[in-house]
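Chemist: With the sequence up front, the predicted model follows.
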Amino acid sequence: MLKLLGASLVLLAATLAGFAQARQYADRPRQIRGLIAALQRLETEIRYGYTPLPEAMRRIAQQCREPLRGFFSRAASEMNPPRSASAQEGLELAMEALWKTTAMKAPEREVLRQLGCTLGTSDRADQTSHIAMALRQLGQEEISAREDQSKYEKMCRSLGLLLGALIVILIF
């Protein structure tokens, strides 16, 4: 009886690990789409709203779902007093603190890092052109993430279950 319980727990743990990895592949394209929508809103705020950058990021945070909500909220709070960080520093600090909570990878982080270098340091037209370039790059990353999802999501689920079964067979 105890062996059966142990085998069930091993099988369950391996299956859940496979499902957790598959969820990462499913969440990445969704989060990239959310980031694209957030940057489009930021572009609109900069171009038409004449909104200060910290206020624009705070508004964007209110419209996003987690983990992007926390990311933009943290960046906005870093740019507001008493810290009064630049946009680049605010985005960097938010990425350091919250990037691990996202399913996004290094290419998306690099796009945001490059965008942070130009936000708040040039005129509106230049900033909107840099945001447009970031949107194109993120669009390419979204396509890549969808391809990865179609390749690996189902495989991770199956592999978790099969790996659990293999461990149970080898142990017992």
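Modeler: The structure has been received and is ready for your questions.

Chemist: Please count neighbours and contacts with C-alpha atoms only from this point.
Modeler: OK.

Chemist: Looking only at whichever helix or strand residue 111 is part of, what residues are buried by neighbour count?
Modeler: Per DSSP states H and E: residue 111 is located in helix 106-118. Of the residues in helix 106-118, 108, 111, 112, 113, 115, 116, 117, 118 count as buried by neighbour count, 16 or more other C-alpha atoms under 10 Å.

Chemist: CSV for the residues you listed, including pLDDT?
Modeler: Converted to CSV, these look like this (pLDDT from 0 to 100):
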residue, pLDDT
108, 93
111, 93
112, 91
113, 91
115, 90
116, 87
117, 87
118, 86
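
Chemist: Throw those residues into CSV and include distance to residue 168, thanks.
Modeler: Listed next are the buried residues of helix 106-118 as CSV, based on distance: C-alpha to C-alpha, whole Å:
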residue, distance to residue 168
108, 39
111, 44
112, 44
113, 45
115, 49
116, 49
117, 52
118, 54
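
Chemist: Among those, which one sits closest to residue 151?
Modeler: Closest to residue 151 out of those is residue 108 (19.8 Å), distances taken as C-alpha to C-alpha.

Chemist: just to revisit the earlier point, from the contact counts, what lies against the very next helix or strand once past the helix holding residue 111?
Modeler: Using DSSP H and E, the helix or strand that follows helix 106-118 towards the C-terminus is helix 124-171. Secondary-structure packing of helix 124-171 (3 or more C-alpha pairs under 8 Å, 6 or more residues apart in numbering; DSSP states H and E): helix 2-44, helix 106-118.
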